[in-house]
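Chemist: predicted model, plus sequence, below.
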Amino acid sequence: MLKALDLEYVLPTYARQDLSFVSGENARLKDDTGKEFIDFTSGIGVVSVGHANPVASKAICDQVSRITHISNLYLIEPQAQCAKKIVDQSGHDMKCFFGNSGAEANEGAIKIARKYGEVNGEPKRYKIITLEHSFHGRTITTVKATGQAAMHNYFGPFPDGFTYAKSIDDIEEMIDDHTVAVMIELVQGEGGVQPLNRERVQTLAAMLKARDVLLIVDEVQTGVYRTGEFLASNLYEIEPDIITLAKGLGGGVPIGVVMTSKKEVFTPGDHGSTFGGNYLSTAAANSVLDILESYKESGELDEMFIYFETALRKLYEAHSDLFTGMVGFGMMRGLRVKDAESLANLINHSRENGLLMLKAGRNTLRFLPPLTITKEEIDEGFKRLSDAIAAL
Ligand SMILES: Cc1ncc(COP(=O)(O)O)c(C=O)c1O
């Protein structure tokens, strides 16, 4: 019945599983038949504080019972508080703009960079270098920013000015008089949970600073403690000019942020969003930020990262015939699988066993559990994954 409704009325942009979830609790989910699942996906890195987190749910309900939305024509208390929390937790001297998604945050980043390149110097600078295998979103411009040729079928003509580097070592020689920015993910998420080398990123950041080319770091997936620090930029010890956030920030409520140290570039009228930063999304984000900040400060987050990594390594070492590599940081992890068919079978068997798993790139089994996952949920998830491997 639900499947028929979906097929008849929803555009078929996703290859959907015939599964419908009705409730959850932290890293556990229940479907409409009563079957229980462990969630190692957190809705693709979104449900950072777990499903139905009681503290976040209460903060959201309290907020919407008073006021949900008024527009950005007025002061919005939780928005200003949220910007302060993000800036404080990042340690960067920046200001924030609020949108509703990762792609929208990246659009904002591209606009800031292009305006910076237009008002600073002759000739006008507008080109942005991104990396092959990157992923920056699904709007026309962020699709073009994405360094995957398969994403550039149809939809053209695209905005001009995006070029793709094979690796960060190739970026310097690609810079020309029109280059204004370089945009990278520090751990490529969709591209296969591929971390960039820390020292080479630091060298790149220093070179860009010296040449007044802006560094945009897309932290839509890596941000908000996913890799262990508030930002992956903190982990890499770099100071980007522009950073974007989304996914885990709202714990499931849509929100996107572009933050920048170039605080004077945008002036009134340059950018906007009807919904961006409203009471609902920023109240949710404030709650998520408070929960995760104290979780990190108490040492529990790091303890759970180590526990997760230990379980992952054990599984990896026990199946050297199936897995060819272990990648990632914190709770953004991947196991390289020997071939695409085994990976697809493993994800299907996992789901049948009551475990939700993701794929990234061509051959990576991806782990993005809620950051608040418990030891018991980790153990149960890995047990189900082991059973799925045994059934291959
Ligand atoms: C690094 C990165 N940037 C941008 C996006 C796009 O975010 P959204 O789907 O919220 O527009 C994603 C989504 O997977 C992402 O991983």
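Modeler: That came through fine.

Chemist: going forward, measure contacts between C-alpha atoms and count neighbours the same way
Modeler: Fine.

Chemist: for the helix or strand where Arg333 lies, packing partners?
Modeler: Assigned by DSSP states H and E, Arg333 falls within strand 332-337. Counting by 3 or more CA pairs under 8 Å, 6 or more residues apart in numbering; DSSP states H and E, the packing neighbours recorded for strand 332-337 are strand 323-329, strand 364-367.

Chemist: can you say which of those is packed in most?
Modeler: Highest mean neighbour count of those: strand 364-367, a mean of 26 (counted as mean count of other CA atoms under 10 Å).

Chemist: if we can go back for a sec, and the strand holding Arg333 with strand 323-329, angle?
Modeler: If you take axes from the mean of the first three to the mean of the last three CA atoms, to 10 degrees, strand 332-337 sits at 170 degrees to strand 323-329.

Chemist: wait, does strand 332-337 contact the ligand?
Modeler: No. Contact of strand 332-337 with the ligand (CA under 6 Å from any ligand atom) is absent, the minimum separation being 11.2 Å.

Chemist: could you pull up the mean pLDDT of stretch 43-56?
Modeler: Taken as a whole, stretch 43-56 carries a mean pLDDT of 98.

Chemist: before we move on, the earlier item: and the helices and strands packed on strand 332-337: which comes nearest the ligand?
Modeler: Among the helices and strands packed on strand 332-337, strand 364-367 comes nearest to the ligand, with 12.4 Å by CA to the nearest ligand atom.

Chemist: just to revisit the earlier point, buried residues of whichever helix or strand comes after the strand holding Arg333, list them for me.
Modeler: Reading on from strand 332-337 to the C-terminus, the next helix or strand found by DSSP H and E is helix 340-352. Neighbour counts over helix 340-352 (16 or more other CA atoms under 10 Å) mark 340, 342-344, 346-351 as buried.

Chemist: do stretch 137-152 as well
Modeler: For stretch 137-152, by 16+ other CA under 10 Å, it's 137, 140-148, 152.

Chemist: looking at these, which is nearest the ligand?
Modeler: So of the buried residues of stretch 137-152, ranked by how close each gets to the ligand (CA to the nearest ligand atom), first place is Gly137, at 3.8 Å.

Chemist: ok, now how distant is that closest one from Lys111?
Modeler: 15 Å (CA to CA, to the nearest Å).

Chemist: do Lys95 as well
Modeler: Distance of Lys95 to Lys111, computed by CA to CA: 15 Å.

Chemist: up against the ligand, what does the chain have?
Modeler: Counting by CA under 6 Å from any ligand atom, the residues of the chain close to the ligand are 101-103, 135-137, 185, 189-190, 218, 220-221.

Chemist: restricted to helices, list those.
Modeler: Assigned to helices by DSSP state H, the following of these qualify: 102-103.

Chemist: so which of the residues of the chain next to the ligand wins on neighbours?
Modeler: Asp218 (31 neighbours; other CA atoms under 10 Å).

Chemist: right, and Lys262 touches Ile216 too?
Modeler: No. Counting by CA atoms under 8 Å, Lys262 stays clear of Ile216, with 11.5 Å between them.

Chemist: the helices in the stretch 1-150 of the chain, which residues?
Modeler: Under the criterion DSSP state H, counting those that start in this stretch, helices of the stretch 1-150 of the chain are mapped to 2-9, 42-45, 54-64, 77-90, 102-119, 140-145.

Chemist: what's the closest of these to Glu317?
Modeler: helix 42-45 (25.0 Å; CA to CA).

Chemist: which other helices and strands does the closest one contact?
Modeler: Using 3+ CA pairs under 8 Å, 6+ apart, no helix or strand is in contact with helix 42-45.

Chemist: for it, C-alpha coordinates in CSV please.
Modeler: In CSV, the C-alpha atoms belonging to helix 42-45 read as follows (Å, rounded to 0.1, in the frame of the first residue of the first chain):
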residue,chain,number,x,y,z
SER,A,42,22.3,7.7,11.1
GLY,A,43,20.3,8.8,8.0
ILE,A,44,23.6,9.4,6.1
GLY,A,45,25.4,11.2,8.9
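
Chemist: distance between it and the chain's centre?
Modeler: Relative to its chain's centre, helix 42-45 lies at 9 Å (CA atoms, centre = their mean, to the nearest Å).

Chemist: hang on, the earlier thing: redo the helices and strands packed on strand 332-337 as CSV? Include mean pLDDT.
Modeler: Formatted as CSV, the helices and strands packed on strand 332-337 follow (pLDDT from 0 to 100):
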stretch, mean pLDDT
strand 323-329, 97
strand 364-367, 98
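
Chemist: with respect to Val258, which of the ones you listed lies nearest?
Modeler: Closest to Val258 of those, according to CA to CA: strand 323-329, at 23.0 Å.

Chemist: what's near enough to touch the spatially closest residue to Val327 that is not a sequence neighbour?
Modeler: Distances taken as CA to CA, 6 or more residues apart in numbering place Gly334 nearest to Val327, at 5.1 Å, with adjacent residues excluded. Each residue near Gly334 by CA atoms under 8 Å, 6 or more residues apart in numbering is listed here: 192-193, 326-328, 364-367.

Chemist: want to throw the residues you listed into a markdown table with distance to Leu11?
Modeler: Listed next are those as a markdown table, based on distance: CA to CA, whole Å:
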| residue | distance to Leu11 |
| --- | --- |
| Gly192 | 27 |
| Val193 | 29 |
| Met326 | 36 |
| Val327 | 35 |
| Gly328 | 34 |
| Thr364 | 28 |
| Leu365 | 27 |
| Arg366 | 26 |
| Phe367 | 28 |
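
Chemist: gap between the nearest residue to Gly361 once chain neighbours are set aside and the ligand?
Modeler: Of all residues not flanking Gly361 in the chain, Gly192 sits nearest, at 4.3 Å (CA to CA, 6+ apart). According to CA to the nearest ligand atom, to the nearest Å, Gly192 and the ligand sit 11 Å apart.
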